[in-house]
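1. sequence plus predicted model, see below.
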Amino acid sequence: PPAAAAKQTAKRQRPLSPAGAWLHSKLARNLLAQRILLGVTLVMASMVLADGVLTPSISVLSAVSGLQVKAGLTQDAVIGITCAILVVLFAVQYRGTQDIGVLFAPIVLLWFLSNVMVAIYNIAVFEGGAIFRAVSPHYIGTWFQRHGREGWERLAGIFLCLTGCEAMFADMGHFSRSAVKISFGAVAYPSLIITYLGQASWLLHNPDGYSAVFYNCVPERVFWPVFVVSVAASVVASQALISGSFSIVSQSIALGCFPRLQIKHTSEKVGGQIYITEVNYLLLVLCLAVVAGFQSGTAIGNAYGIAVNMVMLSTVFLVGIVMLVAWHLSVFWTLLFVVPYVIIEGTFLSANLLNIPHGGWFSLSLAAGLSSFCLLWIWGSAQKAAAVHKDHFRLSDVLTYQPSRSTVSAAQGPAPTLATQSWQLYRRSTMSPVPRNPGMALVYSESPFQVPAVYRRIVQSWGLHILVVFVTVRQVPIPCVSDAQRLLLAPLEFRGFFRCVARYGYMDVIDQGEAFAQSILDKISEIIPNIASSQDSITTITPPTTATSGDPTSATSSIKDAAVATDKDPTEHTDQIAAETAAAAAAGSDRPILPPGGTVVVTLTSEPGSNP
């Protein structure tokens with residue numbers, strides 16, 4: 001919105017505070033500081049993925065455990081039902097949430113309403129309005145005075161009341177910020193406070209029922225309706241973290257911190273609704289392993305608490321950096337935000353660390369494994385990029401124009417001009433002429449500026465096609481790109497060479513068959529009018545596998561790259577083509593640049609070291 005954009009602009013225009021300027025310089029110039037920040041961020045992002053495994057496991061298992069309370073099922077039966085629900089939940093992820101998302105809000109509202117009604121009943125029956133005194137913060141001090149070290153250790157269990165807040169970032173992919181704030185402040189928070197007060201009222205009179213207090217405090221008559229709503233709500237809660245995991249992996253791919261995976265956008269209207277097959281089934285396998293391995297909500301809760309707590313605490317530090325460096329706020333306002341949260345969440349974390357031997361090791365191990373994998377990928381990608389960049393070259397490094405020998409050997413007459421002189425393409429290394437073969441070659445390159453290394457071997461060993469197009473594929477953050485806006489094409493300094501950026505929206509199907517090649521020919525014909533662009537002249541094309549995965553974050557820069565990815569002014573190039581065509585006509589040649597009905601479309605891969 002314009003108001004939000006203006007607010008962000010005003011933030012950026014504020015001068016940096018001395019602390020912000022110092023931190024900015026350190027992060028910009030100090031490689032060690034950059035690596036530390038990257039490492040911390042990757043570890044915490046891995047913790048979010050661990051959270052994505054634990055939340056569905058503990059949510060569904062806790063909801064299904066109500067069958068033990070009412071129906072007396074064994075623990076093995078509860079585990080089996082939980083695993084079955086998880087399999088169904090992950091199996092339908094590929095359909096997205098647009099079809100069933102309309103049910104999420106009613107289910108959650110019904111769940112909050114049922115909790116509040118049960119709580120009001122328990123408050124009225126057991127404690128009355130006196131229980132509302134528990135909302136007073138002074139009972140925090142009373143708690144520690146009364147329980148001492150034991151009270152501190154119990155903070156790990158109390159912290160589970162806060163879990164779920166760390167997943168609110170996933171909601172931003174589906175809803176606006178104001179919608180999230182209103183629903184949390186006006187619905188979720190007051191409902192949870194009343195729910196806990198109702199459970200406290202029941203526990204004060206039934207202290208032995210603490211192990212399954214949620215279901216034990218539900219009146220007999222409404223048990224089954226509450227059970228059904230609870231299971232449905234656990235599925236919705238699981239969906240939030242599953243969607244969050246997809247979002248985290250998608251952003252990691254965009255930043256080059258994770259291997260490229262196919263990202264399926266399940267909604268044309270909401271860009272945040274995505275699906276990644278590999279991540280989905282990895283989460284399913286890990287969830288089943290967690291449920292079958294831990295077999296109780298208490299054990300999973302130990303691992304769950306550490307993951308959530310570390311995510312929350314690290315978020316506070318990272319937001320503090322953003323406040324200083326990006327929002328240009330002063331140290332006072334930054335510390336006013338950071339210090340209270342660090343004290344509160346740090347205290348909870350100190351208690352949660354005691355649960356490492358009792359299940360917390362799982363979160364730490366999973367986060368360590370995932371972050372190590374990401375760091376290894378970043379290192380390998382950097383090595384590959386350096387090698388590819390070293391091998392890339394510009395056309396002018398291997399090709400040059402020279403007057404043809406027939407023109408140079410002319411004994412009489414005035415000096416030839418561009419319109420009367422015949423020019424020949426030569427290899428720089430041997431100064432031998434390069435034969436030009438009829439047809440068009442599509443050479444796929446990840447860089448819109450350079451030429452892939454494999455093409456050097458083509459230039460040095462073989463003849464070149466009359467038309468050579470270096471194609472770079474990019475994905476832009478919109479659902480669809482119209483055919484008229486898909487291709488950005490610019491001529492290069494050598495006749496018949498072009499640079500092309502093909503843009504696709506996240507809902508577009510990347511089909512680079514005959515129609516794609518024909519569209520490139522149509523674009524080129526706007527520059528060189530006498531190119532034959534008949535559909536019949538195109539034979540085959542094989543889409544590349546190395547350039548179809550786009551990077552949404554680099555889409556804007558790639559579009560800009562395409563606009564300037566030319567070594568000469570396009571007008572000058574067009575004039576040269578026209579002059580050469582006139583020279584060919586004056587010499588009695590009526591052969592078009594591409595013979596009608598005889599175009600050959602060739603696809604070359606851009607992978608280093610591949611066989612052309």
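-> Structure's in. What do you need? Residues are numbered from 1 along each chain as shown.
2. would you point out which residue is most central in this protein?
-> With distances taken as C-alpha atoms, centre = their mean, Ser250 lies nearest the centre of the chain, 1.9 Å away.
3. would you agree it falls within a helix?
-> Yes - counting by DSSP: H, G, I helix; E, B strand; the rest coil, Ser250 is part of a helix.
4. now it: how far from Ile276?
-> The gap separating Ser250 from Ile276 is 7 Å, by C-beta to C-beta, to the nearest Å. To be clear about C-beta, it is placed using only N, CA and C from the backbone, and glycine gets the same treatment.
5. name the residues contacting each of those two.
-> Residues within reach of Ser250 and of Ile276 at once, by C-beta atoms under 8 Å, 6 or more residues apart in numbering, are Ile263.
6. you'd agree the residue nearest to the centre of the chain is up against Ile263?
-> Yes - applying C-beta atoms under 8 Å as the test, Ser250 and Ile263 come out as touching, 5.6 Å apart.
7. which regions of this protein sit below the pLDDT cut-off?
-> The chain contains residues with pLDDT under 70 at 1-13, 97-101, 169-174, 268-272, 403-423, 530-612.
8. longest strand of it?
-> strand 464-476 (DSSP state E).
9. and the next element down the chain from that one?
-> Sequence order places helix 483-486 as the next helix or strand after strand 464-476, per DSSP states H and E.
10. quick one: contacts of that next one?
-> Outside helix 483-486, the residues touching it (C-beta under 8 Å, 6+ apart) are 502-504, 519.
11. if the residue nearest to Ile478 when sequence neighbours are not counted is in a bridge, with which residues?
-> In space, Ile478 comes closest to Gly505 once its chain neighbours are excluded; the distance is 4.8 Å by C-beta to C-beta, 6 or more residues apart in numbering. Gly505 forms beta bridges with Val476, as assigned by DSSP bridges.
12. quick one, helices of the stretch 151-300 of the chain?
-> For the stretch 151-300 of the chain, the helices defined by DSSP state H, counting those that start in this stretch cover 155-158, 168-171, 177-183, 189-205, 213-216, 223-254, 277-294, 297-325.
13. kindly export the fourth one (C-alpha atoms) in PDB.
-> Read that as helix 189-205. Provided in PDB are the C-alpha atoms of helix 189-205 (Å, rounded to 0.1, in the frame of the first residue of the first chain):
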ATOM      1  CA  TYR A 189      -5.100 -14.200  23.200                       C
ATOM      2  CA  PRO A 190      -8.200 -13.500  25.300                       C
ATOM      3  CA  SER A 191      -9.600 -16.900  24.500                       C
ATOM      4  CA  LEU A 192      -6.400 -18.600  25.600                       C
ATOM      5  CA  ILE A 193      -6.300 -16.600  28.900                       C
ATOM      6  CA  ILE A 194      -9.900 -17.600  29.700                       C
ATOM      7  CA  THR A 195      -9.100 -21.200  28.800                       C
ATOM      8  CA  TYR A 196      -6.200 -21.400  31.100                       C
ATOM      9  CA  LEU A 197      -8.100 -19.800  33.900                       C
ATOM     10  CA  GLY A 198     -10.900 -22.400  33.500                       C
ATOM     11  CA  GLN A 199      -8.400 -25.300  33.600                       C
ATOM     12  CA  ALA A 200      -6.700 -23.700  36.700                       C
ATOM     13  CA  SER A 201     -10.100 -23.600  38.400                       C
ATOM     14  CA  TRP A 202     -10.700 -27.300  37.700                       C
ATOM     15  CA  LEU A 203      -7.100 -28.300  38.800                       C
ATOM     16  CA  LEU A 204      -7.500 -26.500  42.100                       C
ATOM     17  CA  HIS A 205     -10.200 -29.000  43.000                       C
END
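14. before we move on, the earlier item: quick one: which of the contacts of helix 483-486 has the most company?
-> Counting neighbours by other C-beta atoms under 10 Å, the top entry in those is Ala502, with 24 neighbours.
15. packing partners for the strand or helix carrying that one?
-> Using DSSP H and E, Ala502 sits in strand 497-505. Using 3 or more C-beta pairs under 8 Å, 6 or more residues apart in numbering; DSSP states H and E, the elements in contact with strand 497-505 are strand 464-476, helix 483-486, strand 487-491, helix 514-527, helix 555-564.
16. from Ile79, how far off is Ser525?
-> Separation of Ser525 from Ile79 (C-beta to C-beta): 66 Å.
17. neighbour count: the two, which is higher?
-> Ranked by neighbour count (other C-beta under 10 Å), Ser525 and Ile79 place Ile79 first, with 19 against 15.
18. for the more buried one, give me its contacts.
-> 61, 291-292, 295.
19. show me which of these are buried.
-> Burial by neighbour count, judged by 16 or more other C-beta atoms under 10 Å, picks out 61, 291, 295 from the contacts of Ile79.
20. can I get the residues you listed in TSV including distance to Leu442?
-> Shown next, in TSV, are those (distance: C-beta to C-beta, whole Å):
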residue	distance to Leu442
Leu61	53
Val291	50
Gln295	56
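21. what's the closest of those to Pro259?
-> The shortest approach to Pro259 among those belongs to Val291, at 27.4 Å (C-beta to C-beta).
22. now do that closest one against Ile274, distance only.
-> Taken as C-beta to C-beta, the span from Val291 to Ile274 is 25 Å.
23. still on that earlier bit, what is the orientation angle of the strand holding Ala502 with strand 487-491?
-> 170 degrees (axes from the mean of the first three to the mean of the last three C-alpha atoms, to 10 degrees).
24. and the residue nearest to Ile478, how many residues sit next to it?
-> Using other C-beta under 10 Å, Gly505 has 19 neighbouring residues.
25. also the one 10 residues further on?
-> Number of residues near Ala515 (other C-beta under 10 Å) recorded here: 12.
26. now it: how far from Val509?
-> 12 Å.
27. before we move on, what about Pro219?
-> Going from Pro219 to Val509 by C-beta to C-beta gives 54 Å.
28. okay, these two: which has more neighbours?
-> The neighbour comparison of Pro219 against Val509 (other C-beta under 10 Å) goes to Pro219, with 12 against 6.
29. show me what contacts that one?
-> Contacts of Pro219 (C-beta under 8 Å, 6+ apart): 118, 121.
30. what sits closest to Phe223 if chain neighbours are left out?
-> Closest to Phe223 by C-beta to C-beta, 6+ apart is Lys70, at 5.8 Å.
31. Tyr121 too?
-> Closest residue to Tyr121 apart from its sequence neighbours, by C-beta to C-beta, 6+ apart: Pro219 at 6.3 Å.
32. all set now, cheers.
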